[in-house]
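>>> coords below, sequence missing:
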């Protein structure tokens with residue numbers, strides 16, 4: 001008898017789409033039905049998520065993608081993480097009285113990357129037109145969509161702030177001056193007009209690729225960039241620092257940047273080759289943790305037991321500690337990823353995993369990086385305070401903080417894509433007049449101390465938390481998965497992956513397992529705090545397991561059942577059978593397919 005799961009694992013051979021909102025998943029499936037491939041479907045899904053989950057992503061945000069193209073027979077990464085503007089210098093920000101980059105407002109903005117990433121994917125991997133992939137988003141912006149209760153609550157919590165400090169956001173999100181009721185039909189007509197104008201400018205060209213380039217030009221070298229520069233450069237707005245600041249982003253910044261394609265970072269674990277983005281994100285944390293756990297008998301552990309939770313948590317603490325010292329944009333700094341993933345390094349690091357929970361931040365010391373280690377640890381001792389963590393929105397956290405969405409798509413041809421779009425949340429920055437969307441706050445992941453891989457510098461990518469996953473089994477592209485959740489993304493994905501690999505669950509059963517995470521290390525979000533020894537675990541684990549974790553020294557916070565994590569996943573078997581699943585948590589994510 002098959003074990004109970006909250007939803008069935010979706011099975012089919014034509015195509016599967018799974019995302020963090022049911023409307024977006026349905027739109028993606030409609031694109032497959034229409035003759036689009038996985039990449040076309042992903043683009044349309046991504047634009048709809050900007051409409052239906054505006055507290056989690058927006059047009060001014062960013063997007064990394066990992067994809068497998070059957071035509072190219074190659075796994076690649078699209079980097080649509082925009083870098084810091086030319087005016088984003090440590091000197092300028094400290095002259096503004098800042099010690100940390102605030103988590104919202106105009107100084108927290110980097111170049112919006114997602115639109116160019118979507119257009120690059122459409123041009124190089126898809127086959128539909130700009131109009132075809134934007135039409136569903138235009139429809140929901142113009143005709144309305146049911147406002148999620150969490151979006152309504154976010155707006156309600158910010159209503160007085162918007163009215164006083166961000167009037168353009170008040171106009172957009174409180175039409176007529178009232179907070180939209182949960183599940184009421186909400187429209188964003190200004191954003192609909194923005195997309196329609198981009199489609200019109202694209203269709204002034206005849207050739208499909210020329211149309212895509214015209215759309216990119218409209219956004220990065222046309223009316224969108226001009227509106228962003230005009231607003232950011234002329235308006236000082238209140239942010240988390242408690243003072244008002246103008247932005248530094250210009251139309252030139254946008255005109256001189258474009259999304260890129262690169263090879264993934266990979267690691268082989270028990271027959272699986274896991275592909276992640278590079279050290280300009282936190283992707284290698286997942287791989288480092290696998291390298292640590294390779295010498296541990298995970299298969300013998302109860303996947304919902306205290307030993308599993310403890311061992312995985314302690315390994316993650318070590319990998320995340322290294323993230324703080326060594327990760328950053330490899331275009332600006334040497335990043336010792338090969339050393340961090342090596343057997344010799346991890347054989348030594350594994351010895352630090354004890355039966356008791358560690359309360360210490362324990363990064364490794366890589367030869368040749370001793371000064372960087374000392375400088376970072378000294379800076380963290382001053383800057384990264386213990387205390388409550390500014391984290392993306394989950395049920396147990398504030399409604400005022402942004403988060404992320406996720407998409408996995410596989411089509412009948414075998415094309416496969418995993419994408420984690422984020423940024424440009426309605427609460428991250430004021431709505432730009434005339435555009436109907438706001439900018440991102442990704443610059444908060446930079447430090448204002450010189451000499452570090454993550455020090456603020458013009459043209460540098462912030463070390464993002466966005467981290468989609470694609471895994472090959474015995475060399476065959478097989479599994480796409482991911483989750484929103486900031487610093488928790490790697491943690492929730494890792495427990496899902498380990499349970500899937502070692503305990504032979506189906507996708508939905510692995511997603512339904514109780515989840516946990518730690519905030520032991522410095523957070524990526526303002527105000528960059530940490531909680532040594534912390535462990536949050538769902539009550540679903542049961543009292544016996546939770547008590548065992550307390551006895552091991554974890555500073556435990558018990559979350560309500562079914563409130564942690566927003567995982568989705570899709571798989572293609574060797575015989576062409578497709579599978580997909582989505583978390584029941586928050587009752588938004590859905591997998592569809594046939």
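It's in. Because the structure is predicted, anything quoted here is derived from the model rather than measured.

>>> got a list of what residue 424 touches?
Contacts for residue 424 were tallied using C-beta atoms under 8 Å, 6 or more residues apart in numbering; they are 50, 57, 58, 59, 60, 61, 112, 114, 437, 438, 439, 440. Every residue, glycine included, has its C-beta placed from N, CA and C.

>>> okay if I get those residues as JSON lines plus neighbour count and secondary structure?
Listed next are these as JSON lines, based on neighbours: other C-beta atoms under 10 Å; DSSP: H, G, I helix; E, B strand; the rest coil:
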{"residue": "50", "neighbour count": "28", "secondary structure": "helix"}
{"residue": "57", "neighbour count": "32", "secondary structure": "coil"}
{"residue": "58", "neighbour count": "29", "secondary structure": "coil"}
{"residue": "59", "neighbour count": "28", "secondary structure": "coil"}
{"residue": "60", "neighbour count": "29", "secondary structure": "strand"}
{"residue": "61", "neighbour count": "34", "secondary structure": "coil"}
{"residue": "112", "neighbour count": "32", "secondary structure": "coil"}
{"residue": "114", "neighbour count": "29", "secondary structure": "helix"}
{"residue": "437", "neighbour count": "26", "secondary structure": "coil"}
{"residue": "438", "neighbour count": "31", "secondary structure": "strand"}
{"residue": "439", "neighbour count": "32", "secondary structure": "strand"}
{"residue": "440", "neighbour count": "29", "secondary structure": "coil"}
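
>>> As JSON lines, the residues you listed with pLDDT and distance to residue 271 would be great.
Conversion of these to JSON lines gives the following (pLDDT from 0 to 100; distance: C-beta to C-beta, whole Å):
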{"residue": "50", "pLDDT": "97", "distance to residue 271": "37"}
{"residue": "57", "pLDDT": "94", "distance to residue 271": "34"}
{"residue": "58", "pLDDT": "96", "distance to residue 271": "39"}
{"residue": "59", "pLDDT": "97", "distance to residue 271": "40"}
{"residue": "60", "pLDDT": "97", "distance to residue 271": "41"}
{"residue": "61", "pLDDT": "96", "distance to residue 271": "35"}
{"residue": "112", "pLDDT": "98", "distance to residue 271": "39"}
{"residue": "114", "pLDDT": "98", "distance to residue 271": "34"}
{"residue": "437", "pLDDT": "98", "distance to residue 271": "43"}
{"residue": "438", "pLDDT": "96", "distance to residue 271": "44"}
{"residue": "439", "pLDDT": "97", "distance to residue 271": "43"}
{"residue": "440", "pLDDT": "95", "distance to residue 271": "38"}
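
>>> out of these, who's nearest residue 509?
residue 57 (28.0 Å; C-beta to C-beta).

>>> Surely the closest one and residue 47 touch.
No: using C-beta atoms under 8 Å, residue 57 is not in contact with residue 47; the gap is 10.0 Å.

>>> How about residue 244: what's its closest non-neighbour residue?
residue 236 (4.1 Å; C-beta to C-beta, 6 or more residues apart in numbering).

>>> Give the burial count for the one you found, as a bare number.
Applying other C-beta atoms under 10 Å, we find 13 residues neighbouring residue 236.

>>> Mind telling me which residue is nearest the centre of the chain?
What sits nearest the mean C-alpha location of the chain, by C-alpha atoms, centre = their mean, is residue 466, with 3.2 Å.

>>> Tell me, what's the model's pLDDT at that one?
Residue-level confidence at residue 466 comes out at 93, pLDDT.
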